[in-house]
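# Requesting a structural model of the entry that follows:
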Amino acid sequence: MEKPKPPLKFEVKITNKSKENLYGKAIFHEKSYKLVIKSTNSNVGIKIPFKVLGIMHEEHLVRLSGISGAYTEFRLKIFESSKDIEINSSTILEDVMQNIKKYDTMEIFIN
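Here you go, the predicted model:
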């Protein structure tokens, strides 16, 4: 049996919200990126500002969670972004909007 790969783990802080989006920052290996979580009817995916060999343009489990035990997750297709992190998922947006303060971590689990 193959050992599972560790997830890509980001520290997340949501700082603003509008009617249809959430805004904040995500920290990965001590580098800070702007974070936007958007509602969408299609194109469910996540854009990250770097390439990870073997996972781009494939679906992987993306989970936002917090120390309280709250979490939301969805399988999102991974794309490359020029500089920011952008999550296009109505499911994740709706769950996080319920209580922004509960979420402080984002993980991308590699298949």
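# give the contact list for the residue lying closest to V96 once chain neighbours are set aside.
Nearest non-adjacent residue to V96, counting by Cβ to Cβ, 6 or more residues apart in numbering: Y103, 5.5 Å away. Backbone N, C-alpha and C define where each C-beta goes, glycine included. The neighbourhood of Y103, defined by Cβ atoms under 8 Å, 6 or more residues apart in numbering, consists of V12, I14, L64, S65, G66, A70, T72, V96.
# For Y103, give its distance to S32.
17 Å (Cβ to Cβ, to the nearest Å).
# swap in K17?
19 Å.
# Just confirm L53 is within a helix.
No: looking at L53 with DSSP: H, G, I helix; E, B strand; the rest coil, it is coil, so not inside a helix.
# Could you give the number of residues near R75?
A count of nearby residues for R75, using other Cβ atoms under 10 Å, gives 14.
# Could you list the low-pLDDT ranges of this structure?
Residue ranges of the chain with pLDDT under 70: 43.
# can you pull out the strands in it?
8-17, 21-28, 31-38, 45-48, 59-65, 71-80, 85-88, 105-109 (DSSP state E).
# out of these, nearest to M1?
strand 105-109 (16.8 Å; Cβ to Cβ).
# what does the closest one contact?
With contacts defined as Cβ under 8 Å, 6+ apart, strand 105-109 is touched by 5, 7-12, 26, 46, 48, 55, 60-66, 78.
# Likewise for stretch 9-27?
Identification of contacts with stretch 9-27 by Cβ under 8 Å, 6+ apart yields 28, 32-39, 64, 85, 93, 96-97, 100, 103-107.
# Off-centre distance for that stretch?
9 Å (Cα atoms, centre = their mean, to the nearest Å).
# Count the neighbours of V12 for me.
By other Cβ under 10 Å, neighbour count at V12 equals 22.
# For it, give its distance to S42.
24 Å.
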